[in-house]
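Chemist: Structure of the sequence below:
(chains A and B)
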There are 2 protein chains.
Amino acid sequence: MSVQGKASLPVIKRLPKYYRYLANLSAEGRDKVSSSELAHMMGTTASQVRQDFNCFGGFGQQGIGYKVEVLRTEIGKLLFGDGELLPTVLIGAGRLGSAVSSFICRDANGYRLIGVFDIDPALMGREMGGVPIQPLEDLAAFCAEHQPQVAVLCVPRQSAIDLAGDLVKYGFTGVWNFSHYDLSVEYPGLTVENVHLGDSLMSLGYRLRNKE
Amino acid sequence: MSVQGKASLPVIKRLPKYYRYLANLSAEGRDKVSSSELAHMMGTTASQVRQDFNCFGGFGQQGIGYKVEVLRTEIGKLLFGDGELLPTVLIGAGRLGSAVSSFICRDANGYRLIGVFDIDPALMGREMGGVPIQPLEDLAAFCAEHQPQVAVLCVPRQSAIDLAGDLVKYGFTGVWNFSHYDLSVEYPGLTVENVHLGDSLMSLGYRLRNKE
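Modeler: You can find the predicted model right below:
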């Protein structure tokens, strides 16, 4: 399965959802699934499903449906490559960092937590996700030795602004960004996935306050 | 400012981001901003910005730019209505619930945390976000008395499936959903904002593993 390199961000963001639904179907012992059934689970249309899959070569024939296990394996390859976990560092070991660490540590997501950093002296020596919390000033030396690839930013906006240039310099290629600073605008070479929880709450509020 | 009722979900999801950028500009003492400057901050195009604003009546004239404070106030009205906070209940008081509670408690996001529920007896009597943690079996009585409007679901998938029908019955109209069960498919009357952290990590992994 070769990647056609034409999948748009919305399509890419739907891949994990497809993967989850297929894992559920597989656990239920299902053999085949149609694009319209997948569409119903995803809250979309069968034509959208087929269009999404066409970005990756189609995954099998229409009409007779998709083989659940084949489809799950192919999408898994897209998401996880050869299964090598991405070496990852968490920056910011507060409450949010703590919650987020459990997602990084879940091997099934494709990452390996190798370092946790914070500026709070009270946290030093403690562990998070099975990794000792270290002072942020040691990040440069740590990166030189261990070459982490992904930084998870659970810090305030200003700290993210201050850190961004260093992250690029230290060789990070990806950021899972919980701060309210969009690093990708200034550093287009970084692959950034933003999770703005405050924005998410606010847009829910808009929809609730402006319901038909 | 009347809502035209034609804003699509992607537009709605960009509103908080506009609001944040305008708050930053306002804090810097800026008086005016052009659509192309806003576009640069948002990582989009000036035409997209103008198109977004046209969904809500335009917010002022093109060419001479937007008044920062007027624009911020108008978007604020869209997001927060008359400023009344939405009464909200957190279900699931684990690590994720703890991190998430601080976002609900931030008045600026438009919500008011009035109850926290869990099934773990060890958590009872403790507080989260200034609210005592109560047993989930008391949720029905609590809702009858306090009419919460929004449920924040920090529970596993199966618990969300088990709870969904009750949430509708108890009168919830909105769900901030961290579970891997999309309630909106089965309950289209609910307004659901999904935050799937595992999916977010996986799609970042796809982009890192399939970089050009």
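
Chemist: Mind checking if the helix or strand encompassing residue A:16 is in reach of chain B?
Modeler: Residue A:16 is part of helix A:9-27, with elements assigned from DSSP states H and E. Yes - counting by CB under 8 Å from any CB of the partner chain, contacts between helix A:9-27 and chain B involve A:12-13, A:15-17, A:19-20. To be clear about C-beta, it is placed using only N, CA and C from the backbone, and glycine gets the same treatment.

Chemist: Could I get the phi/psi values of residue A:83?
Modeler: For residue A:83, the backbone dihedrals (degrees, to the nearest 10) come out as phi 90, psi 0.

Chemist: Count the neighbours of it for me.
Modeler: 9 (other CB atoms under 10 Å in any protein chain shown).

Chemist: Surely residue A:81 and residue B:209 touch.
Modeler: Yes - judged on CB atoms under 8 Å, residue A:81 makes contact with residue B:209 at a distance of 4.4 Å.

Chemist: So between those two, which is more surrounded?
Modeler: Each of residue A:81 and residue B:209 has its neighbours counted (other CB under 10 Å); residue B:209 has more, 19 against 15.

Chemist: my guess is the more buried one contacts residue A:85, does it?
Modeler: No - applying CB under 8 Å as the test, residue B:209 and residue A:85 come out as separate, 11.2 Å apart.

Chemist: hmm, back to that, taking the residues of helix A:9-27 next to chain B together, which two end up most distant?
Modeler: The span of the residues of helix A:9-27 next to chain B, defined through CB to CB, is set by A:12 and A:20 at 14.7 Å.

Chemist: Count the neighbours of residue A:76 for me.
Modeler: Using other CB under 10 Å: residue A:76 sits among 18 other residues.

Chemist: Next, the angle helix B:9-27 makes with the helix holding residue A:16.
Modeler: With axes from the mean of the first three to the mean of the last three CA atoms, to 10 degrees applied, the angle from helix A:9-27 to helix B:9-27 works out at 130 degrees.

Chemist: what about stretch A:185-205, how long is it end to end?
Modeler: 27 Å (CA to CA, to the nearest Å).

Chemist: roughly how far is it from the heart of the chain?
Modeler: Chain-centre distance of stretch A:185-205: 12 Å, with CA atoms, centre = their mean, to the nearest Å.

Chemist: hmm, who's touching the helix-or-strand element of chain A with minimal mean pLDDT?
Modeler: None of the helices or strands of chain A scores lower by mean pLDDT, DSSP states H and E than helix A:183-186, at a mean of 88. Residues outside helix A:183-186 that contact it (CB atoms under 8 Å, 6 or more residues apart in numbering or on different chains): A:160, A:164, A:167, A:175, A:177, A:190-192, B:40-41, B:43.

Chemist: what's the following helix or strand after the strand ranked longest in chain A?
Modeler: Among the segments of chain A that qualify as a strand by DSSP state E, the longest is strand A:111-118. Sequence order places strand A:127-128 as the next helix or strand after strand A:111-118, per DSSP H and E.

Chemist: tilt between the helix or strand harbouring residue A:204 and strand B:111-118?
Modeler: Secondary structure from DSSP H and E places residue A:204 in helix A:197-209. Using the same axes, to 10 degrees, the direction of helix A:197-209 lies 100 degrees away from that of strand B:111-118.

Chemist: No more questions from me, cheers.
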